[in-house]
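Participant: here is my input, please return the structure:
(chains A and B)
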Amino acid sequence: MGGVAKRIVEYIVSDPFVDAAFVSYLVSNQEWLEVLTTQAKIYSEIGDLGERLSTFYVYKEKAKLYIIDRFKGVYNEKLLEREIKRIGDEKAKRAWRAVITLLVSQQLMKKARTGLGELLPEEYNKLEYIVPVLNDLIEEKIKQKGRGAHNAVREIFKKYGKERSLNLAPLLWWINLIMESEAFEGVLKYHFLVSKESVSMNVVERLEEELSNIEGHKKDLEYMKQEFLKALLSRCAELRGQYINKLQSAILFVKLWRVSVKNPEAWDWFLKKEILTYTLPIYLSELQSLIGLAKIKLNISNLILPKSGVYSGLASTLSTLILMSPLFMQYIIEAQHVMKSGGEASIMPITPADIIVAIARAVKSHGETGSFIIDVHDLIEDIIKFWSEKGILQRLEEHLKSKITPENLITRGTFVTSLALIINTGIWGVYTITYRRPEFRLPPRMDGFDSVYVRAEEFLPILKSVWG
Amino acid sequence: MTSSSCIESFKSFVREATGRLSFDRLETIFKEALDENPVFAEISRSGALGKNIIIILGGRGCGKTLLLRYLKYRLNKEGWEFVYVNATDIVRLSQKEAEKEFQDLINKHLSSLDSDLDKKIAIAIDDIGERTDLIKDALKKAVEDVRRYEGRLKLILASQTERPETMSLLESILPEASVAHMFFGESPAQAIRDSFTKSYIKGIPVSPFRGAALINLDAYWSRLRSLNKVEDLAEIIKKIAEFYVKNTSPECVREVLESIGKIKNGLAFIALSSLPKVRSPPGDIIFEYKGGQDQALNGLGIAELIYRFFAEHNELGPIVERAERFYSELKGVAKEDINVDDVEEVLLKASGGSKLDYLKPLKGVQVITLLPLEKVQQLQQQQTKETGKGRKRGPQANIIEVRIKSGGQEILRYIILASLRIDKRGYTASESVKRIRRLVSMEAPAEAEKRFLVVLIPDREHLKDLYKAVGYENIPRIGRDILPIYLSGLSVIEKAFIRLAKSGSSENISQKLLEQIYRAVIGTLLLSLRDDHDMPRLAYLMLPPVSVAR
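Facilitator: Predicted coordinates:
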C-alpha cells in the first residue's frame, strides 16, 4: 500500500457486514435457531429475551472467533481481535435480539393469520432465505480489501434484481435497525426535529435572509435548506466532523436497499422524503407523549428491551407491532414501485402504529378509564389528521402519487389488516363492533364491523408497559 | 382355559373387529345391542346428536368409524337419511378439482333437500383430516349450508387427533366459516381449541357449543385412566365384551362374561399400563393412540386386550391374575403417607423400569453436565486455561432424560427433579428452598433449551415457598420451565401404589408385572400429578409423543 492506508469509511465497529456476519452465523446453526424460535415465543408471552441462556453464551464466544477468521483478510488481524474482544459481546447481543424480535414479528403475523403478502412479502416469513443473502453480501465485501460497503451492497442488489431485492428488503431493514440501533437513534432524532418543521425551517429562512444582505450572495433557499438538514443530521448522529458516509455505512441496508429510490447513495431524498426512519420517531414520540413520559426515548433498544410485570408479554407484542409499522409502510411503497407497470391504484398504507396512536389519542380525550366506541370513518379521519400534523401525509402523497382521502383510505387502505394484527395478536382493550352496519370485514374470519370498541383500562396499561 | 366353540367364534369375531374395517363391514357385523355399548350410551345421553355439526376426534383405534355406524342407526331412527363419505375416496387432485368434487357431492344432497322439504340428511365425512387442506373452502361453505338448512342438514366430521390437518380443521377452517359463531359461539377458534385440549385432561368426552358438539372419544377413556377407577374400567371392559358377544353369538354371553368377570380388575389394571400419547406439536394435547405394539386405552386397545386374554391365555392369564391380586392388595390399604422423595424415586424407577426406550433416569447427576450448560463450562475453561482439578461442579439432581423423535430429528429434553421438603413442624425446609434457588440461578431450567425444573410440592399451601425460592424476576417462568407439581391430588390408592412401586423389586412380583406397574405409574400417576392450574404438565413432558407427518 506504499505506506498510505486507503481511507475507508467503514470500520470494524460500524461495519454492517460484521453485523451481518454475527446474524448469519447465528441463523445458520439449526440447533440455535430452534432455541431462538422457542425464545421468541417466550419473549412474546413473558417478555424474556433469553440472554442468560447457555446457547447465547456459546454462540457469542464462537461468533467472535468466527468473525475474526472471516474478516482477517480485510482488517488488520491484531486490530480486529482487539476490537472484537471489545465490542463482540454487544454485537452478539444485538444479533441475538435482532433475530428473536424478527422471529417474534413472524410469529405475530402467523398468529394473526393476516398481513403476509400485503403488509410484508411472503418471503419475510422465511428466515432461512436471509442466510445466503447475508453470506453473499459478506463475500462481496471481503473479496477485495478496501472495497466500499455501498459498492458491495449495490452489486448484490443489482445481481438479485428488483423483485428479489424487494422481497428481501424488510428482513435486511429489520436486522440493520436492531444491530445499529445507536446509529439509528441519531437518524430518528434528526427526523424528529425535521417533523417539527416550524423550528428548523424558520431558522433556514432567517439565515438565508441574512446572507442576502451581503453583496454578491445569490439567494438559494433550497441549497441552504439541504445543507442545513445535512448539518442537523450530522449533529444528531454525533458525527463530529467525520464524513456523513460513515453514517451511511452504519445504516447501509435501510438506506441503500431501496427499490423506490434511483440513487440511494445520495442524501437529498433521505433528508426530505424518507418514510421508514421518519415515521418511527413520530410514532414513538407521539405515543410517549400520550402516555405522559417526561422525556422522549428514541432508542430502538429501549423498545425491544426485556419486559417485566403483568403486561410483559402483551407489551412485547405491542412494541414489535410498533417497530414493524414503518417497515409495513415502506414495503407497501416499495412494492408499488416494482408493480407500478400494472397501472393499478395505489395501496394506502395504514399501519398498526397509526391505529394505536389514533386509539391512544382517543383514550386521552375520553379518559383513561371506561370504554367508548369509535366509528372506523372517524378513526381514519384522525389518522389523516395525525399524518398531516406530523408531515407524514405530504411525504406519503409524494410517494403514492395519489391523493390521500378518507375514501381512498377506506377503499384501498390497509386499515383492516393492521387492525386485525392488533386484535388477533391478543392486545387487550381493542375490539370490533357493529354499530350501524357491518361495512368492514376483519380477517381471517371476516367478521363484520363498522366501529372499534376500546376499553381504556385494558389497553392503556399495555401501552405504558412498552417503555416499562 | 379350554376353548369352547362359543369362545372360538367370539375370538374370531373380536379379531376381525380389531382389524381396519370399512364402514359397510362395520354396519354388517354390528347390528345388535348398539344402545348398550357404554361409549355410545354416554354420547347419546349428552345431547350431542341433536347438534347441527358434530366433530368426532380421537387417536388411532378410538372407534370413530364404529361411532359413525352407531350414529347412522340412531339418526335413521329419528328420520334422518345418513350419508357416509370417506374423505380418502376424494381423489388427490389439485385443490380446485378436489374442492369441486366435494362441492358437487354436497350439492347433490342439497338439491334433494330443496325438492323434498320433509327430508333430513346427515352427511358424515370420515377421515376428514386426510383431505382437509384440499377442500378447506368447500368445508367452510358446507358449514354455511348447515346454517341455511338448519334442522334438516347435519354435518358430521371425523378425524384422527394425531393428524396435523386436524388442528387446521379446528383452529382455522371451521372457525373461519362466516357463520362459525352461530355454531361455536364467540371466539370460535379459541373455544374449540380450549374444549379439545381440556376434554382429555378433564375427562369430558362431549363438549357442547351453541349449535355444534365436539366428541373426543379419547376423553371417555381418560376419565377411566386412573387407579381410582380400576373397578369402573373393569365394568366397562365387561360391557364391551358383552357388546361384542351379543353381536356374535348371544347364547355365549354368560360364558364370556364369567371368564372375564373373575379377573376383570386385573384386566383393567393391565389396560392401565398402556401409555397415552402427546400430540407433537403443539405438545399440550394428550390422546390415546393404538399403533404397532403399543397398547392403548381405547376401543381398539380394549378389544385387543379381550382378544389376547382369550387367544393368549397361557401367557397373559397369569399376569392378569397376579394383577388382580396386586390390585386387591392396593385396595386393602386404608391409609398411606408418602412424601416428595417417594414420588421422586418412583418417577425415576418408572422411567427406567418401564423399559421405554425414550426415557432414561439419571440419578444424582451434576446439572452442569447437561447440554448446553456443559459447553459453557468448556468454553470458560478454555478461556481461563483452568484445569478440571478442584473446580466447583455445582449441585446434583435426579434427572429424567427424554429423547423424542420429531420430524426426523431427535430432540433431547431434561426433566430436573427437585422437591420442597416439609419438616415435622410443617415448615418448608430452608435447604430445599436454597437448592431450588441455586438451580434456577445457574439456569438449570431453560424452556428454550428444553430443560425443565419439576418441583414436587406437598400441597398448594407451600406454593408461596417456591415463589420465594425462584425470586420475583423468575415468577413468570413458573408454569413454563419451572413446574410446581402437587402431591395433594393423589388418592390413598395412588399413594399405596407409589409405596408398592417404590419397593416393587423387593416384593414377590414378576419382572413382567413390575414392568406393567412402572408403565402404570407413567400412564396414570402422571395424569394425577398436576400443577397449580390443574394441568398435568409433567405428563406433557414425559409421555411419548406422536407426530404424524403430512
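Participant: contacts, neighbours, all on C-alpha from now
Facilitator: OK.
Participant: helix, strand, or coil at B:S178?
Facilitator: Using DSSP: H, G, I helix; E, B strand; the rest coil, the structure places B:S178 in coil.
Participant: what's the closest non-adjacent residue to it?
Facilitator: Excluding the flanking residues, the one nearest B:S178 by Cα to Cα, 6 or more residues apart in numbering or on different chains is A:R445, at 6.2 Å.
Participant: number of residues surrounding that neighbour?
Facilitator: 21 (other Cα atoms under 10 Å in any protein chain shown).
Participant: is it correct that it is in contact with B:E176?
Facilitator: Yes: counting by Cα atoms under 8 Å, A:R445 does reach B:E176; the two are 4.3 Å apart.
Participant: in three-state terms, label the residue nearest to B:S178 for me.
Facilitator: Following three-state DSSP, A:R445 is assigned to coil.
Participant: ok, it - contacts?
Facilitator: B:P175, B:E176, B:A177, B:S178 (Cα atoms under 8 Å, 6 or more residues apart in numbering or on different chains).
Participant: at 7 Å what do you get?
Facilitator: A:R445 makes contact with B:E176, B:A177, B:S178 under the criterion Cα atoms under 7 Å, 6 or more residues apart in numbering or on different chains.
Participant: distance to A:A294 and neighbour count for these - can I get that in a markdown table?
Facilitator: Below are these laid out as a markdown table (distance: Cα to Cα, whole Å; neighbours: other Cα atoms under 10 Å in any protein chain shown):
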| residue | distance to A:A294 | neighbour count |
| --- | --- | --- |
| B:E176 | 44 | 23 |
| B:A177 | 47 | 24 |
| B:S178 | 46 | 17 |
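Participant: same list, the residues you listed, but as a markdown table with pLDDT please.
Facilitator: Below are the contacts of A:R445 laid out as a markdown table (pLDDT from 0 to 100):
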| residue | pLDDT |
| --- | --- |
| B:E176 | 89 |
| B:A177 | 91 |
| B:S178 | 87 |
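Participant: nearest to chain A, of those?
Facilitator: B:E176 (4.3 Å; Cα to the nearest Cα).
Participant: correct me if wrong: that closest one contacts A:P444.
Facilitator: Yes: under the criterion of Cα atoms under 7 Å, B:E176 makes contact with A:P444 at 6.4 Å.
Participant: quick one: the helices in the stretch 151-300 of chain A?
Facilitator: Assigned by DSSP state H, counting those that start in this stretch, the stretch 151-300 of chain A shows helices spanning A:181-195, A:197-211, A:221-236, A:244-250, A:252-256, A:268-272, A:276-290, A:300-304.
Participant: which helix or strand contains B:E304?
Facilitator: helix B:299-311 (DSSP states H and E).
Participant: give me the next element, helix or strand, following that helix.
Facilitator: helix B:313-332.
Participant: past that next one, which element shows up next along the chain?
Facilitator: helix B:340-353.
Participant: okay, buried residues for that following helix please.
Facilitator: Neighbour-count burial for helix B:340-353, with 16 or more other Cα atoms under 10 Å in any protein chain shown as criterion, is recorded at B:340, B:342-353.
Participant: re the thing from before, for the residue nearest to B:S178, grab phi and psi.
Facilitator: Here is the backbone geometry of A:R445 (degrees, to the nearest 10): phi -80, psi -10.
Participant: name the residue closest to the centre of chain B, please.
Facilitator: B:F287 (2.6 Å; Cα atoms, centre = their mean).
Participant: in the sheet, who's paired with that residue?
Facilitator: On the basis of DSSP bridges, B:F287 is bridged to B:K277.
Participant: OK, contacts around it?
Facilitator: So, once contact is read as Cα under 7 Å, 6+ apart, B:F287 ends up touching B:G58, B:G59, B:Y200, B:D218, B:P276, B:K277, B:V278.
Participant: shouldn't the last one be in contact with B:A539?
Facilitator: No: in this structure, B:V278 is not within contact of B:A539 by Cα under 7 Å, at 8.3 Å.
Participant: is it correct that B:K363 falls within a strand?
Facilitator: Yes: the assignment for B:K363 is a strand, going by three-state DSSP.
Participant: number of nearby residues for the residue in the stretch 201-350 of chain A that chain B sits nearest to?
Facilitator: Residue of the stretch 201-350 of chain A nearest chain B, by Cα to the nearest Cα: A:S308 (7.7 Å). With neighbours defined by other Cα under 10 Å, the count for A:S308 comes to 19.
Participant: likewise for A:I383?
Facilitator: With other Cα under 10 Å as criterion, A:I383 counts 24.
Participant: what of the one 5 residues further on?
Facilitator: When counting by other Cα under 10 Å, one arrives at 13 neighbours for A:S388.
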